[in-house]
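Visitor: quick one: sequence and predicted model below, then my questions.
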Amino acid sequence: MAFLTVTAHGPKIQIGIRRSEVEACDITSVAGTLDSFIPELCDLYRNRVDFFVTDYDDDPREVWDIPEVRAFYGKLFRTYKGMFYWANTKSQMFGMLALLTYPTFRSGGGATITMENQQLFLAEGFVLLNDYCREKGLSPDPANRAILEWVKATMQK
């Protein structure tokens, strides 16, 4: 299911992922929704999509502590090559994608990943992004710039 909200800075897309899809590790619905944006909405929705899981409100664990959520996002990141094209770099989504894809450790009341895994996340993601753009006939340049801006902002924190 996809939810569209409009902000002062343009559209922000939110894709809700049902618990049943997470537990089945079925990325079909998410991939289909993202593919439906091509080609008309590529420029408008690029790096503006947030993904969230539904039906976990009663679960006291943090989302990165839920094994089936981690497995789902890991599969989504590695199987659907366009995550670096679509994932919102202006929200917490992009960093959350890294947390849900690589092993975490506790830090300052939250979770993080090692610098080595951050580098692996970026390297793997850029390769997948370039493959995705080549397959879809899209330019990776705007997404590359958005991600590099995210990296720069993250390093300054």
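Guide: Nice, I can see it.

Visitor: model confidence for the residue nearest to the spatial centre of the chain, exactly?
Guide: When C-alpha atoms, centre = their mean is applied to the chain, the residue found nearest the centroid is Ala87 (4.2 Å). With respect to pLDDT, Ala87 has a value of 97.

Visitor: before we move on, what about Thr5?
Guide: So, for Thr5, pLDDT stands at 55.

Visitor: again, but for the one 5 residues further on
Guide: Predicted confidence (pLDDT) at Gly10: the value is 69.

Visitor: show the pLDDT at Leu128.
Guide: Looking at Leu128, its pLDDT reads 98.

Visitor: surely it meets Thr79?
Guide: No. With contact defined as C-beta atoms under 8 Å, Leu128 and Thr79 do not form a contacting pair (9.4 Å). C-betas here are computed from N, CA, C, even on glycine.

Visitor: give me the more crowded residue out of those two.
Guide: Between Leu128 and Thr79, counted using other C-beta atoms under 10 Å, the more crowded position is Leu128 (19 against 12).

Visitor: who's Ala111 bridged to?
Guide: Arg106 (DSSP bridges).

Visitor: and for it, the neighbour number?
Guide: Counted with other C-beta under 10 Å, the neighbours of Ala111 add up to 17.

Visitor: what residues are up against the residue nearest to the centre of the chain?
Guide: Contacts for Ala87 (C-beta atoms under 8 Å, 6 or more residues apart in numbering) come out as Asn47, Val49, Phe51, Met93, Phe94, Leu97.

Visitor: may I ask which helix or strand of the protein has the lowest mean pLDDT?
Guide: For the chain, counting by mean pLDDT, DSSP states H and E, strand 2-7 ranks last in confidence among helices and strands (a mean of 54).

Visitor: buried stuff in the helix or strand just after it?
Guide: Sequence-wise, the next helix or strand downstream of strand 2-7 (DSSP states H and E) is strand 10-17. Judged by neighbour count (16 or more other C-beta atoms under 10 Å), strand 10-17 contains these buried residues: Lys12, Ile13, Gln14, Ile15, Gly16, Ile17.

Visitor: right, I'll call it a day here.
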